[in-house]
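J.: here is a sequence together with a model predicted from it:
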Amino acid sequence: MSILVEKGLAGFTIEGIAARAGVGKATIYRWWPSRGAVALDAFLDAVQPLVPYPEDEDFPTQLRVQVTALVRVFRDHEVGGVVRALMGEAQTDPDLAAAFRDRWLEARRTVGRAVFREAQRTGQIRDDLDIETAIDLVYGAVYFRLLAGHQPLSDEFVGDLVDYAVRGLAPSST
């Protein structure tokens, strides 16, 4: 991860990785098919433990804690630039795109689906919701700000986003 943070994805080479690790390039290629695959593994190792959904909380709290953690990692942690670079690289590297979707996005969505389904089961959100769309509603806004950079990924943004989402997803009071 240190090379990735120091030099960015453009300067992140198999040669540099091998030199830093004190091994030959063949050793790196034995485990990873490309520099993007190495970068993805470094990103996942750094980020996955930092963005869990809390257990034993109500849905609004779970969502607020998880989205806050994700935004703070993207904003304050060294991996914020890495995820932007990976998503950019994935546009021209189909293997990286598939791995990013499967190992990061789909893994996160699987956990999110369980949280949203439990919220439906307990009546905290509407039972007629399409969960995939509800997840996109919340996290799409985070990724849009991360990639477009038109507005900051601020704590105020997270508060507003979660408040609007929770109100919009809530069962009607009638």
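T.: Sure, I can see it. Numbering: from 1, shown residues only.
J.: where in the protein is the helix or strand with the lowest mean pLDDT?
T.: Lowest on mean pLDDT, DSSP states H and E among the helices and strands of the chain sits helix 2-7, with a mean of 78.
J.: give the buried residues for whichever helix or strand comes after that helix.
T.: Using DSSP states H and E, the helix or strand that follows helix 2-7 towards the C-terminus is helix 14-21. Residues Ile14, Ile17, Ala18 are the ones in helix 14-21 that count as buried (16 or more other Cβ atoms under 10 Å). All C-beta atoms are positioned from the backbone trio N, CA, C, and that covers glycine.
J.: try stretch 78-93
T.: Neighbour-count burial for stretch 78-93 [16+ other Cβ under 10 Å]: Val79, Gly80, Val82, Val83, Arg84, Ala85, Leu86, Met87, Glu89, Ala90, Asp93.
J.: so which residues make contact with that stretch?
T.: 1, 4-5, 8-10, 34, 36, 39-40, 42-43, 46-47, 73-74, 96-97, 100, 143, 146-147 (Cβ atoms under 8 Å, 6 or more residues apart in numbering).
J.: over to stretch 156-174?
T.: With Cβ under 8 Å, 6+ apart, stretch 156-174 has contacts from 59-60, 63-64, 67-68, 71, 119, 123-127, 129, 134, 137-138, 141-142, 145, 151.
J.: mind checking which of the contacts of stretch 78-93 are buried?
T.: Buried by 16+ other Cβ under 10 Å: 1, 4, 9, 34, 36, 39-40, 42-43, 46-47, 73-74, 96-97, 100, 143, 146, out of those.
J.: among those residues, which lie within helices?
T.: Taking DSSP state H, the ones among the buried ones among the contacts of stretch 78-93 that sit in helices are 4, 36, 39-40, 42-43, 46-47, 73-74, 96-97, 100, 143, 146.
J.: which pair of these spans the longest distance?
T.: Pairwise distances among those were taken by Cβ to Cβ; the largest, 21.2 Å, belongs to Val73 and Ala97.
J.: pull the number of nearby residues for Arg167.
T.: Residues near Arg167, counting by other Cβ atoms under 10 Å, number 9.
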